[in-house]
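>>> What follows is a predicted structure for the sequence shown.
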Amino acid sequence: MPAPIRLRELIRTIRTARTQAEEREMIQKECAAIRSSFREEDNTYRCRNVAKLLYMHMLGYPAHFGQLECLKLIASQKFTDKRIGYLGAMLLLDERQDVHLLMTNCIKNDLNHSTQYVQGLALCTLGCMGSSEMCRDLAGEVEKLLKTSNSYLRKKAALCAVHVIRKVPELMEMFLPATKNLLSEKNHGVLHTSVVLLTEMCERSPDMLSHFRKLVPQLVRILKNLIMSGYSPEHDVSGISDPFLQVRILRLLRILGKGDDDSSEAMNDILAQVATNTETSKNVGNAILYETVLTIMDIKSESGLRVLAINILGRFLLNNDKNIRYVALTSLLKTVQTDHNAVQRHRSTIVDCLKDLDVSIKRRAMELSFALVNGNNIRGMMKELLYFLDSCDPEFKADCASGIFLAAEKYAPSKRWHIDTIMRVLTTAGSYVRDDSVPNLIQLITNSVEMHAYTVQRLYKALLDDISQQPLVQVASWCIGEYGDLLVSGQCEEEEPIQVTEDEVLDVLEGLLVSNLSTPVTRGYSLTAIMKLSTRFSSVNRIKKVVSIYGSSIDVELQQRAVEYNALFKKYDHMRPALLERMPIMEKTATNGPAEIVQTNGETESTILDTKHLPSITQPASQANDLLDLLGGNDVVPVIQTTVPTKPASAGGELLDLLGDLSLTGGPTPTPAPSVPMSQPPFLLDGLTSQPLFNDIAAGIPPMTAYNKNGLKIEFTFERSNPNPNIAVITIHATNSTEVDMTEFVFQAAVPKTFQLQLLSPSSNVVPALNQGSVTQVIRVLNPQKQQLRMRIKLTYTHKGSPVQDLAEVNNFPPQSWQSLPWGCMGSSGIFLTQSRVDGMKTDDDDDDDYSDNDEEKSQISQYISLHYFARLSFSSFGLLGWVDFVSLAWIDCLLHQSPFVICKGGGGRPQ
């Protein structure tokens with residue numbers, strides 16, 4: 001058989017290939033020749049063939065058929081064969097293949113070989129691809145070589161020991177005696193690998209970390225010698241002595257000094273010397289300085305040293321290298337919270353980075369700029385950030401606008417400045433702002449009573465200039481509807497008032513309704529604004545015509561609003577001025593949970609949930625069906641997940657009197673308690689009130705433990721609804737006795753079909769460890785047939801990084817908790833009338849004498865529902881509560897005409 005071609009000739013031949021197909025043809029032809037040679041057990045050219053095979057493997061072609069040939073070369077006595085064999089083993093084998101176990105004996109023999117280069121090959125291979133089994137078998141030989149006097153073998157043995165520790169951490173103590181003398185070695189290669197070994201051991205074992213802290217003075221001495229030593233051609237890189245060893249020592253010092261006062265004190269001086277004596281003109285010096293900065297920031301260093309480190313990062317920001325500038329911005333962003341004043345000194349340089357062409361640098365500079373904003377520099381920083389918002393790419397606008405909103409809300413020097421800033425953002429990047437920016441700005445404007453005329457005039461001007469920014473248009477529409485009379489009267493004192501007529505204002509709002517740029521939400525704002533102007537302008541007839549036109553709109557939401565506004569004009573015109581009067585002043589108070597809105601008129605308090613900060617508890621329909629399957633199939637109904645409802649404010653004295661005198665029971669009107677401004681309906685319109693209908697803890701109903709497993713305990717306490725004592729209210733208390741918090745906690749429940757169940761939002765989704773707190777959640781149960789209460793619960797949470805899910809059934813409820821339950825309830829998504837007749841509001845389970853059947857009561861019911869509907873509409877339509885589902889006025893007609901009524905999905909309704 002002719003001799004195979006050499007590796008050099010094969011490389012030259014492959015490089016002459018003009019196409020990929022031609023190259024594949026050459027490779028396949030050569031692979032066929034190599035396979036034939038392997039089958040014939042050709043020992044003469046085995047080394048050459050494996051070398052060619054490794055080159056093909058580097059090109060991406062399969063070479064697995066040469067694995068056994070590599071083992072044969074390793075077993076050879078020739079050094080050239082061993083070298084190619086070990087190289088092939090490192091490239092073609094790994095611990096996932098059993099073939100590598102056949103090498104163990106060969107590597108053990110070579111570790112004890114008389115030639116250091118053969119020993120070096122074995123150490124390199126074991127350190128590269130040794131499995132845990134091989135490491136256990138050969139750790140003793142590695143430890144022996146670690147103690148040898150040969151520097152060549154010691155540095156390779158140290159790196160091999162690092163791999164052994166990573167694979168088998170329990171063998172770490174075996175190498176502890178040998179590591180004590182490694183740092184006294186003068187050879188830089190041994191010093192470098194020994195520092196790597198010490199770093200690995202300290203990172204993996206707290207005991208080793210404490211043990212090696214006594215080596216800090218020795219490491220400081222080595223680093224000082226490197227800095228002070230003269231020129232050494234063997235170790236010099238761009239004028240710096242062995243920068244690789246310096247970086248490794250600095251990393252080890254960072255680990256040793258973190259959280260330890262004595263170690264940090266011992267290395268303060270040397271860190272200052274490195275920071276001041278290292279040359280910054282070359283990238284090598286910048287690498288050492290960066291590691292020095294990281295070490296200073298991680299250990300308990302002196303304040304002056306930390307300022308020096310931040311100044312080094314400030315100099316990095318002036319470097320022409322983009323990578324260095326990015327590293328500096330990232331490091332400053334990590335340290336700005338702990339050393340805010342020191343970072344503030346470089347504010348101008350950081351702001352200049354906003355103009356950089358590199359998008360990653362711009363993003364880091366933007367994030368750092370927002371972190372530097374405070375009450376002293378808010379005006380200057382906002383000026384720069386608004387300029388950046390004008391010119392930045394679209395990908396930055398959303399984050400930049402959100403950051404400006406948050407900073408302005410926190411540090412605004414005045415309300416006018418706050419309003420001007422947010423309006424500037426809406427004008428510049430209105431399409432990119434978050435969804436909650438509109439209600440937040442509306443709330444800000446509402447609270448700034450003295451700025452109403454100025455704000456509505458500014459927004460009206462902005463609306464004339466541009467209607468493409470939908471959030472700006474929505475805010476402007478709301479303000480014009482709310483304060484249109486101030487706009488027309490020209491009462492603005494902050495700037496020169498403009499002369500606007502009522503018809504011009506209505507022309508602008510009508511233009512928004514027909515504009516192709518307007519979204520359905522914007523049209524809803526505009527139509528509601530026009531409706532509110534009917535109580536502020538004299539052009540009522542024109543407004544009636546506009547509203548009636550959209551009663552046949554193809555947009556269902558707009559059509560429903562128009563129909564209901566028409567009904568307000570025709571049937572309830574006497575209530576219109578009070579329902580559409582101005583919104584009350586509201587103040588936002590910061591809480592640990594959802595944001596609260598407290599009315600300052602002293603009448604009511606409402607809670608508005610910020611869904612961004614709430615735990616994700618609402619389950620999709622598919623998950624609800626899965627829960628039904630888990631809980632037993634057809635005999636249960638799912639929980640009605642609701643958010644905390646809100647209660648509208650009283651709009652005026654007439655409405656307050658109407659609510660105070662109304663009752664749905666048909667009997668005498670109960671006298672309200674002094675602390676309650678108005679009486680509440682018996683659970684029929686429960687979704688329209690934020691005040692709990694349960695106040696008094698039920699006497700005589702003992703609490704019960706529903707679940708106690710894996711450290712999680714669920715307890716039920718019982719209350720009675722007020723003013724309906726037949727409503728069972730259960731409060732769950734979840735506690736955690738383990739040492740780790742339970743996160744992403746979700747409680748779900750299901751009951752048989754004869755019950756109705758409503759589950760309110762939990763207080764938190766984290767159950768604190770060691771019983772240091774609890775998660776509470778309220779359940780309300782309707783039991784029309786007064787059967788024994790049964791419940792199945794599903795618990796989902798994350799504990800120690802692992803998701804946990806469990807099911808349980810609760811059947812041992814106290815009899816007092818399920819007896820005498822009410823006849824109906826209402827959730828956030830619809831009205832439930834359990835086996836009831838609309839005629840007279842009677843139920844199959846109630847006596848006929850309990851409810852009167854007369855026109856007067858029906859009229860009261862109609863007025864009550866109409867009032868609550870429009871009172872809630874006056875809040876939700878104008879952006880404070882978002883778009884909500886409404887109860888259609890068609891239900892009122894059904895009440896008056898004694899016809900059945902079907903609640904449609906989404907809260908609307910239709911007569912049957």
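Nice, thanks for sending it over. Numbers count the residues shown, from 1 in each chain.
>>> rest of the way, CA atoms for contacts and neighbours
OK.
>>> Quick one: low-confidence residue ranges for the stretch 1-150 of the chain.
The model of the stretch 1-150 of the chain has pLDDT under 70 over residues 1.
>>> Any stretches of this structure with poor pLDDT?
Across the chain, residues meeting the criterion (pLDDT under 70) sit at 1, 493-495, 587-700, 720-726, 818-912.
>>> what about the closest residue to Q67 other than its chain neighbours, how many residues close to it?
Leaving aside its sequence neighbours, Q67 sits nearest to L92 (Cα to Cα, 6 or more residues apart in numbering; 6.4 Å). Here the number of neighbours of L92 (other Cα atoms under 10 Å) works out to 19.
>>> for K156, same thing?
Residues contacting K156 under the criterion other Cα under 10 Å number 23.
>>> Is it in contact with L123, as I believe?
Yes. With contact defined as Cα atoms under 8 Å, K156 reaches L123; the gap is 6.3 Å.
>>> Would you confirm that the residue nearest to Q67 contacts A63?
Yes. Taking contacts as Cα under 8 Å, L92 lies within contact range of A63: 7.5 Å.
>>> Count residues in the vicinity of G85, would you?
Number of residues near G85 (other Cα under 10 Å) recorded here: 27.
>>> Can you name the element that comes right after the helix or strand harbouring it?
G85 is located in helix 79-92, with elements delineated by DSSP states H and E. The element immediately downstream of helix 79-92 (helix or strand, assigned by DSSP H and E) is helix 104-111.
>>> In PDB, list the C-alpha atoms belonging to that following helix.
Output in PDB follows, covering the C-alpha atoms of helix 104-111 (Å, rounded to 0.1, in the frame of the first residue of the first chain):
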ATOM      1  CA  THR A 104      -6.900   5.900  32.900                       C
ATOM      2  CA  ASN A 105      -4.200   3.300  33.200                       C
ATOM      3  CA  CYS A 106      -2.100   4.900  30.500                       C
ATOM      4  CA  ILE A 107      -2.300   8.300  32.100                       C
ATOM      5  CA  LYS A 108      -1.400   6.800  35.500                       C
ATOM      6  CA  ASN A 109       1.700   5.200  33.900                       C
ATOM      7  CA  ASP A 110       2.700   8.400  32.100                       C
ATOM      8  CA  LEU A 111       2.300  10.500  35.300                       C
END
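>>> What's the local residue count around the residue nearest to D390 when sequence neighbours are not counted?
Spatially, and ignoring its direct neighbours in sequence, D390 is nearest to T428 (6.3 Å; Cα to Cα, 6+ apart). When neighbours are defined as other Cα under 10 Å, T428 has 19 of them.
>>> So T428: helix, strand or coil?
In terms of secondary structure, T428 is helix; the call rests on DSSP: H, G, I helix; E, B strand; the rest coil.
>>> From what I see, it and Y387 are in contact.
No. In this structure T428 lies outside contact range of Y387 using Cα under 8 Å: 9.9 Å.
>>> and E185, what does it touch?
Taking Cα atoms under 8 Å, 6 or more residues apart in numbering as the definition of contact, the neighbours of E185 are L191.
>>> hang on, I meant A161
Under the contact definition (Cα under 8 Å, 6+ apart), the residues listed for A161 are 127, 139, 142-143, 175, 197.
>>> Among those, which one has the most neighbours?
Counting neighbours by other Cα under 10 Å, V142 leads the contacts of A161 with 26 neighbours.
>>> Report the contact partners of it.
By Cα under 8 Å, 6+ apart, V142 lies in contact with 111, 123, 157, 160-161.
>>> now with 7 Å?
Residues in contact with V142 (Cα atoms under 7 Å, 6 or more residues apart in numbering) are 157, 161.
>>> and the helix or strand harbouring it, which residues are buried?
Using DSSP H and E, the element containing V142 is helix 132-146. Within helix 132-146, the residues that qualify as buried are 132, 134-136, 138-139, 141-143, 145-146, counting by 16 or more other Cα atoms under 10 Å.
>>> As TSV, those residues with distance to L444 would be great.
Conversion of the buried residues of helix 132-146 to TSV gives the following (distance: Cα to Cα, whole Å):
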residue	distance to L444
S132	64
M134	69
C135	67
R136	68
L138	72
A139	70
E141	74
V142	71
E143	71
L145	74
L146	71
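>>> So P803 versus M742, what's the distance?
Using Cα to Cα, to the nearest Å, we find P803 at a distance of 10 Å from M742.
>>> who touches both of these two?
With contacts taken as Cα under 7 Å, 6+ apart, P803 and M742 have Y797 as neighbours in common.
>>> More neighbours: which of these two?
Per other Cα under 10 Å, whichever of P803 and M742 has more neighbours is M742, with 25 against 13.
>>> who does that one bridge with?
Beta-bridge partners recorded for M742 (DSSP bridges): V767, H799.
>>> Now do the helix holding V142 against helix 104-111, angle only.
Here the directions of helix 132-146 and helix 104-111 differ by 10 degrees (axes from the mean of the first three to the mean of the last three Cα atoms, to 10 degrees).
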